[in-house]
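> predicted model and sequence follow; I will ask about them next.
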Amino acid sequence: MRIAAPLAAFAVALVLGAAGCPPAPSAPGAQPSGGVEVTDPGQDLTRSLRDQAPSDGEPRRGGTFVFGRGADAVSLDPADVTDGESVKVVTNVFDGLVVYKPGTTEVEPCLATSWTQSDDGLTWTFELREGVTFHDGTPLDAAAVAFSFERQRDPAHPFHQGEFVYWHDQFSFVTKVEAAGPRTVVFRLDRPFVPFLTSLAMFTASIVSPAAFEQARAAGKDPAHHPVGTGPFRFVEWRRGEAVVLEAFDGHWAGRPHVDRLVFRVVPDNNTRLALLRKGELQAMDGVNLADVAQVVAEPGVTVLGQPGMNVAYLALNCQKAPFTDARVRRAVALALDRERIARSLYYGLATPARNPMPPTVWGHADGVALPAPDREAAKALLAEAGFAQGLDTELWTMTNPRPYMPQPDKLAQYVKAALAQVGVRVTIVPKEWASYLQEVQSGEHPMCFLGWTGDTGDPDNFLYVLLDRENTKKGSASNYSFYTGEAVHEALVAARVERDPAARAALYAKAQEQIAADVPMVPLVHTTQVALLGPRVRGYRLYPTGDVRLRGTWLAE
Amino acid sequence: MDLPRYLVRRSLAAVPVLLGVAVLVFALVRAIPGDPARNIAGERASPALLEEIRRTHGLDRPVPVQFARWAGRLAQGDLGTSIQTSAPVTEEIARRFPATIELTVAAVLLATLLGVALGIVASLRPGGWLDLGGMTVALLGVSVPVFCLGYLLIVLVGDALPFAGRLDEDVRRAFAPRTGFYLCEAVLRGEWAAARSALLHLTLPALALASVPMGVVARITRAAMLEVLGQDFVRTARAKGLSERAVVLRHALRTALIPIVTVLGVQTGYLLGGAVLTETVFAWPGMGEFVVKAIGERDYPTIQGGVLLFATTFVVANLVVDVAYAWLDPRVRLQ
């Protein structure tokens, strides 16, 4: 049949073409290609951006708030989502036992009003707020809280449907959650773990309505598509691939939100989304092309908000592989790189040069750790002292695909190569496909590699322990890609996991960060800026370090 | 041969083609590096969890076994479950394909009307300024990338016309569509506000999508008309005193339509599967954007279902073209 050949060619082209290249014309973070512009530092945009919209005047009730984003939610079951787009929706529909204080990653009471730990740290008891109801009218009680966690923990639970990735990652030490009274919930742990409280502020620890799950099952519906929580907004409708529609919940325990409706609308193309914001069809959006921000900042009708995101891009130096077994060589690499320049040139000013493995918005960040200024002579001197007066040859492994924390890994690799060449370190760049990259660097064969991390909980443990504790250096499943085994850091990090006094914990993390800065197992490069664009009528909107979009306090001016 | 028998025979002949496409796509998606389980579970998933996800989706089985299971379900009209959204692929297609069909039909209609008109006008005075102008427009239509044209339309007329989505949010709430064919449904139900909104939303994406087939049709029309206008029967028609209008539109055009219909058939097939950029730029919730996203996420069942659907529409479009030949030219026999 004569159509067979073109048809097959078409199928092949479709599959291969789309697999081999990022979606055209503008995936989030995609940038026009060109030479490496490391000679002309741009401006530092991040420092000039505010992290919240004006909140002057009396909040006005009413109106529809449309938030534009590049992709749809995947699921609306808060315990079973991992992608940012789903999280934006569920954080407005659900509440947790505790919540992040606006602008920080410290927690404060939410559905729980108070909590205590047993002396051995193995039992946590939470007292629930009175008079809270779910959107379906059923009251919040301890049984609902136990249901919300037990269905994730217990594979035999009738509603254990899903992968529950974050449960395995963040709560694997919980052995049982039970109701000890109508408004008293008890968590039993198999080891003391203080960061547990911060984890409870995550979307994955949302409290769901058990009645809604029962009803969905009886009606043959998927509860993940009909979320019922106690949050400020009630779920109305999900048109897959188009929009999620929520409306204000009159019975919210902290008071009804100001806007009547909240719509999360999918607009895949970054330029189209910006055009819709300018036209007034969107009140807010994210996913702007980094290169466009400088221009948009100057537009009168658009407010640009920015804040260091809860992430880090870093250069891991393999402490178990020569020549990086020598701390002087690692320090020399750090001295050769200009992080200010990287932030301004390769991130269009939308990144903050990093001082520590964790961003300044995470509590416990050691502000005192000094950023060593780039110093080529000092770097050369250190290399000579380590026996490399004639320079050295090494490899830099890098992923080829853009990552949220590293939109242009290829250009960054070229910059690092050029900068290190100036101190006598001759680098061969080894590019690798992202799909298999993690597995390859987990084996620990790389001398240097690029990686990054986006925090989950906002607890220092979630950065420092994951990235630099020696317990995470097991080859094949490592998350400490520097294969750094520093004893002092390990002791501080492990002690901080059981220390109950927040001030003492912060001191332990400060100590760990100082030691890390001294040992240089990695060169933290930048924290990319989270950016949101707002229309002219938006008031009382703010960025959250966790990247959450919470709209209870937002309103639309006349 | 009569039409029903012809259709049955051609449909049967399409089965091996579609089967071939199915095998090819099934093998190809598994040949691309990447792991659907890793895409679901994220970077921090444990090997045990990855294993569990592979088992749930049957990805731990040997590829031939996976294929047999998929083909078995396919025979019952089940395309499997999307790995990414956990919804049946048929459901996802049912939701999105109508959007793509409405957009494609609108674009093909626009392309045919504009392209044929341009082609005829150009062919009447070959080398004249209308010919030059018309063919320049056609050349631009073929060569300007769709997303460029899309952005241009948004910048130029985006203030006057909607350029994202299919309906205004408040219109949609009142209309509450029951099918994915918003425009058709609105007209049939007599919901004029919704019909108007749907038509306005359709305008810019259809214009952008129409540009390439419009250019192709214009050029083919011009060439075909030039050839036909030089033939004896046209001279005879003119000689017996028919108006130029009747000569061109009734006699010459009908004969020239055969190559035009061929091109339209192929273009329609491409548009149904290839409207990716247009759908992305205009936030049009159709198939193209959905399947491309599925490829990025290694959502095997969705890719397989989507490509099979595109292949089927291609086959159907070609069948329609072949039937149209017989209708246009009595000398052509279906056999």
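Good, I have the coordinates. Numbers count the residues shown, from 1 in each chain, chains lettered A, B, ... in the order given.
> and A:Arg552, what does it touch?
A:Asn92, A:Pro232, A:Phe233, A:His252, A:Ala254, A:Pro257 (C-beta atoms under 8 Å, 6 or more residues apart in numbering or on different chains). For the C-beta atoms, the positions are set from N, CA and C on the backbone; glycine is no exception.
> distance check, it against A:Leu140.
From A:Arg552 across to A:Leu140, the span is 17 Å (C-beta to C-beta, to the nearest Å).
> cool, B:Val234 as well?
83 Å.
> then A:Ala506?
From A:Ala506 to A:Leu140 the distance is 33 Å (C-beta to C-beta).
> neighbour-wise, which of these two wins?
A:Leu140 (22 against 17; other C-beta atoms under 10 Å in any protein chain shown).
> and the closest residue in space to the more buried one that isn't next to it in sequence, how many neighbours?
Excluding the flanking residues, the one nearest A:Leu140 by C-beta to C-beta, 6 or more residues apart in numbering or on different chains is A:Val132, at 4.0 Å. Residue neighbour count, defined by other C-beta under 10 Å, stands at 20 for A:Val132.
> which ones are touching A:Val132?
Contacts for A:Val132 (C-beta under 8 Å, 6+ apart) come out as A:Asp95, A:Leu111, A:Pro139, A:Leu140, A:Thr230, A:Trp253.
> mind redoing it with 10 Å?
A:95, A:110-111, A:139-141, A:144, A:183, A:207, A:230, A:251-254 (C-beta atoms under 10 Å, 6 or more residues apart in numbering or on different chains).
> tell me the domain boundaries of chain B?
Chain B breaks down by automatic domain parsing into domains covering B:3-75, B:89-328.
> looking at the ones you listed, which is closest to A:Gly68?
domain B:89-328 (8.8 Å; C-beta to C-beta).
> just to revisit the earlier point, mean pLDDT lowest for which of the domains of chain B?
Here the domains of chain B differ in mean pLDDT, and the lowest is domain B:3-75 at a mean of 83.
> just to revisit the earlier point, need phi/psi at the residue nearest to A:Leu140.
A:Val132 adopts backbone torsions of phi -90, psi 130, taken as degrees, to the nearest 10.
> which of the contacts of A:Val132 fall within helices?
Under the assignment DSSP state H, the contacts of A:Val132 contribute A:Ala144 to helices.
> just the buried ones from the contacts of A:Val132?
Those of the contacts of A:Val132 that meet the buried threshold are A:Asp95, A:Cys110, A:Leu111, A:Leu140, A:Asp141, A:Ala144, A:Arg183, A:Ile207, A:Thr230, A:His252, A:Trp253, by 16 or more other C-beta atoms under 10 Å in any protein chain shown.
> save those as a markdown table, and put in distance to A:Leu382 and pLDDT too.
Below are the buried ones among the contacts of A:Val132 laid out as a markdown table (distance: C-beta to C-beta, whole Å; pLDDT from 0 to 100):
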| residue | distance to A:Leu382 | pLDDT |
| --- | --- | --- |
| A:Asp95 | 52 | 97 |
| A:Cys110 | 50 | 97 |
| A:Leu111 | 53 | 97 |
| A:Leu140 | 59 | 97 |
| A:Asp141 | 62 | 96 |
| A:Ala144 | 59 | 97 |
| A:Arg183 | 61 | 96 |
| A:Ile207 | 54 | 97 |
| A:Thr230 | 57 | 97 |
| A:His252 | 58 | 97 |
| A:Trp253 | 58 | 96 |
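> so who does the closest residue in space to A:Leu122 that isn't next to it in sequence touch?
Spatial nearest neighbour of A:Leu122, chain neighbours left out: A:Leu189 (5.1 Å); criterion: C-beta to C-beta, 6+ apart. Neighbour list for A:Leu189: A:117-118, A:120-124, A:171, A:173-176, A:196 [criterion: C-beta under 10 Å, 6+ apart].
> where's B:Gly230 relative to B:Ala256, distance?
12 Å.
> wait, B:Glu185 sits on B:Ala194?
Yes. Assessed by C-beta atoms under 10 Å, B:Glu185 is found in contact with B:Ala194 at 8.1 Å.
> quick one: which of those two has more around it?
More crowded of B:Glu185 and B:Ala194, by other C-beta under 10 Å: B:Ala194, with 23 against 19.
> who touches the helix or strand A:Leu382 falls within?
Assessed by DSSP states H and E, A:Leu382 sits inside helix A:376-385. When contacts are defined by C-beta under 10 Å, 6+ apart, helix A:376-385 is touched by residues A:323, A:326-338, A:372, A:375, A:388-392, A:419-420, A:422-425.
> tilt between the next helix or strand after that helix and helix A:376-385?
Using DSSP H and E, the helix or strand that directly follows helix A:376-385 along the chain is strand A:392-399. Computed by axes from the mean of the first three to the mean of the last three C-alpha atoms, to 10 degrees, the angle separating strand A:392-399 from helix A:376-385 equals 120 degrees.
> returning to what we had before: so which of the contacts of A:Val132 are in strands?
Among these, no residue falls in strands (DSSP state E).
> ok, so of the contacts of A:Val132, who is nearest B:Ile83?
Nearest to B:Ile83 out of the contacts of A:Val132 is A:Ile207 (C-beta to C-beta; 28.3 Å).
> OK, contacts around the nearest residue to the closest one once chain neighbours are set aside?
Sequence neighbours aside, A:Ser148 is the residue nearest to A:Ile207 in space, at 4.8 Å (criterion: C-beta to C-beta, 6+ apart). A:Ser148 is in contact with A:78-79, A:94, A:96-97, A:159, A:177, A:185, A:204-210, A:213, A:229, counting by C-beta under 10 Å, 6+ apart.
> what packs against the lengthiest helix in chain B?
The longest helix of chain B (DSSP H) is helix B:192-229. Using 3 or more C-beta pairs under 10 Å, 6 or more residues apart in numbering or on different chains; DSSP states H and E, the elements in contact with helix B:192-229 are helix B:89-124, helix B:129-143, helix B:146-157, helix B:169-175, helix B:182-189, helix B:232-239, helix B:253-274, helix B:276-281.
> quick one, the third one and helix B:192-229 angle?
Here the directions of helix B:146-157 and helix B:192-229 differ by 120 degrees (the same axes, to 10 degrees).
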